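[1] Give me a 3D structure for the following:
(chains A, B, C and D)
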There are 4 protein chains.
Amino acid sequence: MINIGILGATGYAANQLVSILLKHKNVKISKLYSLTAEKKDVSFKYPSFYKILDMKYSGVENYPDDCDLIFACLPSGESELYAEKAIAKGLKFIDVGSDFRLKDEQINLKWYKKSFRNKDLHKQAVYGISELNAEQIKSANLIANPGCYPTSAILALAPILSENLTINTPIIIDSKSGLTGSGKRPTESSHFVNANENFTPYSIGSHRHLPEIEQALSEIAGEYIQAVFTPHLLPINRGILSSIYVNCDKEFELSKIHKIYEEFYKDKKFVRLLPLGQTVDIRQVQNSNFVNLSLHKSENTLIIMSAIDNMIKGAAGQAIQNMNLMFGFDEEEGLDLFPNSF
Amino acid sequence: MINIGILGATGYAANQLVSILLKHKNVKISKLYSLTAEKKDVSFKYPSFYKILDMKYSGVENYPDDCDLIFACLPSGESELYAEKAIAKGLKFIDVGSDFRLKDEQINLKWYKKSFRNKDLHKQAVYGISELNAEQIKSANLIANPGCYPTSAILALAPILSENLTINTPIIIDSKSGLTGSGKRPTESSHFVNANENFTPYSIGSHRHLPEIEQALSEIAGEYIQAVFTPHLLPINRGILSSIYVNCDKEFELSKIHKIYEEFYKDKKFVRLLPLGQTVDIRQVQNSNFVNLSLHKSENTLIIMSAIDNMIKGAAGQAIQNMNLMFGFDEEEGLDLFPNSF
Amino acid sequence: MINIGILGATGYAANQLVSILLKHKNVKISKLYSLTAEKKDVSFKYPSFYKILDMKYSGVENYPDDCDLIFACLPSGESELYAEKAIAKGLKFIDVGSDFRLKDEQINLKWYKKSFRNKDLHKQAVYGISELNAEQIKSANLIANPGCYPTSAILALAPILSENLTINTPIIIDSKSGLTGSGKRPTESSHFVNANENFTPYSIGSHRHLPEIEQALSEIAGEYIQAVFTPHLLPINRGILSSIYVNCDKEFELSKIHKIYEEFYKDKKFVRLLPLGQTVDIRQVQNSNFVNLSLHKSENTLIIMSAIDNMIKGAAGQAIQNMNLMFGFDEEEGLDLFPNSF
Amino acid sequence: MINIGILGATGYAANQLVSILLKHKNVKISKLYSLTAEKKDVSFKYPSFYKILDMKYSGVENYPDDCDLIFACLPSGESELYAEKAIAKGLKFIDVGSDFRLKDEQINLKWYKKSFRNKDLHKQAVYGISELNAEQIKSANLIANPGCYPTSAILALAPILSENLTINTPIIIDSKSGLTGSGKRPTESSHFVNANENFTPYSIGSHRHLPEIEQALSEIAGEYIQAVFTPHLLPINRGILSSIYVNCDKEFELSKIHKIYEEFYKDKKFVRLLPLGQTVDIRQVQNSNFVNLSLHKSENTLIIMSAIDNMIKGAAGQAIQNMNLMFGFDEEEGLDLFPNSF
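    Down below sits the predicted model:
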């Protein structure tokens, strides 16, 4: 039984962590840190939790208190210091935010306008894409939990990039996300009247998940992989679907690619590769830790459809999967969540 | 050709006014007053208007400028002073907001926490429920445009209350509104993630439209009519449906009530009474100035279903209908808007 | 460990049963009966279940096979015969459908156009509103699982009707339901374009849940209670909110009524009575077996807001709660489902 | 004043035609042909039209009766015969369906499984993409009205393909459409519960609009242009957004491309090219005949965002625009429809 502390505990990702961790056999939620809601009941912020969780948000005066593991769900730039403190005291730290995702300080500076405060810490950080980096994650103290869009894209592309197939870059990644991805704070773009009955591309060519995706794909491929990444806001609460286009140099058989994927993910319970001829949608994975993949083609273009629940596999679920790996728990503990059929 | 000025021009009701007035034969939009968006292009706030309306928002230094008629779309308590100025200069004034709706100062004080600044002005104000008060509206200089919920309820109840049928009060008015009713400003309750896939009652027994409804119903009935009014937020953009329950003292024939309604509204083009056996829904009136009514019964209870587009018949449309009456234009000018079929 | 068979297994209620039962400690899903999908994979009908449940639908040739308990999720009129067979063989039977809900054959004939085939069976049937009839349910072999709307209304009204408070009938029950309540079969009213951005009352004064509600309320009150019941279709997937109006004969204090409710439900984990001043919404209960209640007033009218997940507390969840009672399992087993916060 | 007949008059595209044509100065709707709803009131199928349009659907015994122009809104393969009859009698004919879109009989046979019945008729048919083919349309008797997806893609790509810029094909067209695109008939995929809170790619690499897009793009470019086209279902009623990726051979300046677009569409009122830095969304064009375009880049990839209302610019609106051209009416007559701001 380990003690868990969560930073930025009033946000959506943190709330999703709490929902899952409450049923996890090996953990106890010890502290829910929040600077804005200190001493308030969790059910004040989340009425769904009334009579389910009788806890108050805490201040950070005694951070990290008695915790063994910290999940940080903080805005960009705010995790680093907390991570340093936690690691210094021998805790483990999973940054659900973005502070440790980019390995190259120059690239981080360009996209996040921030230098590395503690370069050594960044070296220690392991990129926590669970299905691909499990071995490193197991021995890590500090995890950079992947972004939601990158998770959908990287898992969709890892098998094909691991092969020495010739492809033409850039890879086109056209992603669509539900509104929980925009967070808990009311804004113009998250205003119901604006988002409902609408569909909106944003940050075209300039979203911070682009360098993260390129970093991961390049590492898998062993060479620089250029990507074009376009996110769009879908008028739904949960879920991401990424439509990914890989221009192959020549004719290919889809069934061969399908076998490569099947083999690549054969032991990965959370990756569900659909049989050829079937197509993923967001419903199939909502409220679960699954990523669903389906493969298609149009002439020489391989089309990969990838769906996840952005709050689970794209955030809290993968973070817990990483925790399970780090502490030697059953990788699936707490995560046997069935997707909704409706 | 009259010159129109609109106060509070960045809000939803004002935007709806603009959309309709741009095609009105007898008017010219002269000024769009806004304190927060002064000198900004309309299309900056409403990108839908790009290349349709090339106008900027104005400050109020020279209010009312060259206008002949002012529509005020301001928060409670902010219209009165502008009305005074306009009336003093001989303009006509339609308050789409709530400052002149309640006739009794004590009741206004109780519900809006505000005394009447200029009692004479309040005496002049005519409650602009177009189908019922047309004669007074024609000669009025100052109109209190009805609230959205009250419009749906009053038009639904006027025929039955005009008859000397014995009913037991209170009348139950269970109303459901789309999110445009909550306005343009992002809030917790208008946050997409909160409103979507949800349905929320609010201000139960304490909504400011309750005294307005009771005032209008009592005037029609010639005696105090008690109402219970409960609004709910529907996860759609536009429309109100009110389900209204009138407990009749004894057995009644629905067909007789239907004839009363038919007779009452026979010359009113914007009221569509459905044939017995049919039921209104919100779709039937969306994007139009219609109110659709259908009548039903359950034992001794008369059930009236009433649907309007909250932004049109419940705000801008009725305001324009009132303008048409005040200026002797064709009552339907600008308002022959067809509801969407999908 | 008991063996479960489900009739009408391709429908929504049955699918919800399966989702919950897969994690129930004391049961094994043995047979999923379907006449239309025999031999097809469950994941063919419900792709969300791919790699989660590897089962095929069965025909009914050997019904009830090795089952100990049957859940019937069949259209009206189709359960009775299956119940007879099951009961004759000593099985227990929970009819999630409507065949055993109405106790009075004449009333059943009027509303369902069907006489009782086996009158003795109907006498045995216990109305399975778990919180109110737990003792009878424990010793029952045949359960009539309540309708979704009745569940929301009866639990909302039981405390007040159990008191000898004088109220004026009819009680007004204005209910709003998500589209899963309309079932899996595509129809005009469930067509996305028709239901989306719309809100539709239907079966006003003539819905089959009206006599069921009146039967239950009258039994609780010990006298005939007349109700007016109006269902409406909400453009969401899951959830019912009922707005209930009780006209009390005289002035009352809401806090006293609140105490009555608190006392009445003090040991009932699935009923969450909100503190005075708070208001239920559908989100608070989605994906859970909870019923949330909040109390309000407007002059002499008590207003009760009641929210459930129509597929869980309104169907499958309550059926499993009844199973738990019948078989002596922990009443909450399988049902510690947390509502979604978003 | 010309007389209009509409075939397949109960469908969505036909209903949209009626909505617009009712306000068109130069036409009279003469016949609404429907085999399934003959003699029924239009308001029976579309309750929104109650008291707006008092017409009944007609049979086709005397087709084309007294009509001067026929709009056909029929399923694939059903227009050809009606077109032949109409043209033979000297009428003009606009096929809103797909029978005359593909020029190459072999390609038509491959995608629509149908040979050309009357090859001469197919030669006469002009592809009615109004902004590009206006001159031919003006003198045409038979118009193949473009598909909804092709309209969004072709108008987005015409300026760049008209230049002799070197690009690498295939062009990637990732399109998202609201549910009205799936038609009026209830199906699994249009079932509210399935489509709501979901997002679904379909017909990947195999949609019939692919050859139509390639045909049009190739004609503009003067050489074969390969495209990859993926449609997705969006949980909204109206609108298409296409995200289009053009891989340019080398570095380019976006401002130069923007100027090309500006020049190309400078006289085209229905094409609204947004200023650089702004992004289209579906709301901006809903309920209007506009296509909104915005230009973006990511390294060497040009990204074009294109939004239309699928029922108007993508069907009925463009058909009416073509009619205006054919009959010498003002091109904008009937089509000065303002997009909704909410």
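
[2] use CA for all of it now, contacts and neighbours both
    Will do.

[3] can you list the residues of chain A near chain C?
    Those residues of chain A that sit near chain C, judged by Cα under 8 Å from any Cα of the partner chain, are A:15, A:19, A:46-52, A:180, A:237-238, A:272, A:283-285, A:338-342.

[4] Show me which of those residues are buried.
    Buried residues within the residues of chain A next to chain C, defined by neighbour count using 16 or more other Cα atoms under 10 Å in any protein chain shown: A:15, A:19, A:46-50, A:52, A:180, A:237-238, A:272, A:283-285, A:338-342.

[5] And for the closest residue to residue A:311 other than its chain neighbours, the neighbour number?
    Leaving aside its chain neighbours, residue A:311 sits nearest to residue A:13 (6.1 Å; criterion: Cα to Cα, 6 or more residues apart in numbering or on different chains). For residue A:13, the count of nearby residues is 29 (other Cα atoms under 10 Å in any protein chain shown).

[6] wait, what's in contact with residue A:13?
    When contacts are counted by Cα atoms under 8 Å, 6 or more residues apart in numbering or on different chains, residue A:13 touches A:73, A:96, A:311, A:315, A:316.

[7] The third one is in contact with residue A:178, isn't it?
    Same thing as residue A:311. No. Using Cα atoms under 8 Å, residue A:311 makes no contact with residue A:178, being 9.7 Å away.

[8] strand partners of whichever strand or helix holds residue A:292, parallel vs antiparallel please.
    Following DSSP states H and E, one finds residue A:292 within strand A:291-298. Sheet neighbours of strand A:291-298, with direction, are listed as strand A:271-273 (parallel), strand A:301-308 (antiparallel) (DSSP bridges).

[9] in the stretch 101-250 of chain A, which spans are strands?
    According to DSSP state E, counting those that start in this stretch, the stretch 101-250 of chain A carries its strands in the segments A:126-127, A:142-144, A:167-177, A:200-201, A:227-233, A:240-248.

[10] just checking, which of those strands sits deepest inside the structure?
    strand A:142-144 (a mean of 27; mean count of other Cα atoms under 10 Å in any protein chain shown).

[11] what helices or strands is that one leaning on?
    If contacts are counted by 3 or more Cα pairs under 8 Å, 6 or more residues apart in numbering or on different chains; DSSP states H and E, strand A:142-144 sits against strand A:92-95, strand A:126-127.

[12] one step back: what angle do the strand holding residue A:292 and strand D:227-233 make?
    Relative orientation of strand A:291-298 and strand D:227-233, computed by axes from the mean of the first three to the mean of the last three Cα atoms, to 10 degrees: 140 degrees.

[13] ok, and for strand A:291-298, which residues are buried?
    Going by 16+ other Cα under 10 Å, strand A:291-298 has these buried residues: A:291, A:292, A:293, A:294, A:295, A:296, A:297, A:298.

[14] Kindly report the same for stretch A:35-44.
    Within stretch A:35-44, the residues that count as buried by 16+ other Cα under 10 Å are A:37, A:38, A:41, A:42, A:43.

[15] What ranges in the stretch 101-250 of chain A fall below the confidence cut-off?
    Counting by pLDDT under 70, the stretch 101-250 of chain A contains no low-confidence range.

[16] Nearest to chain B: which residue in it?
    Among the residues of the stretch 101-250 of chain A, residue A:192 lies closest to chain B, at 4.0 Å counting by Cα to the nearest Cα.

[17] give the contact list for that residue.
    Contact analysis of residue A:192 by Cα under 8 Å, 6+ apart lists B:179, B:190, B:191, B:192, B:193, B:195, B:196, B:237.

[18] Out of these, list just those in helices.
    Using DSSP state H, the subset of the contacts of residue A:192 located in helices is B:192, B:193, B:195.

[19] any idea how far chain A is from the last one?
    Spelled out, it's residue B:195. Per Cα to the nearest Cα, to the nearest Å, residue B:195 is found 7 Å from chain A.

[20] so what's residue A:236 up against?
    Residue A:236 is in contact with A:178, A:179, B:193, B:196, D:196, D:197, D:198, D:235, counting by Cα under 8 Å, 6+ apart.

[21] go with 7 Å
    Going by Cα atoms under 7 Å, 6 or more residues apart in numbering or on different chains, residue A:236 touches A:178, A:179, D:197.

[22] Residues of the stretch 201-342 of chain A that sit close to chain B?
    By the rule Cα under 7 Å from any Cα of the partner chain, the part of the stretch 201-342 of chain A lying against chain B is residue A:237.
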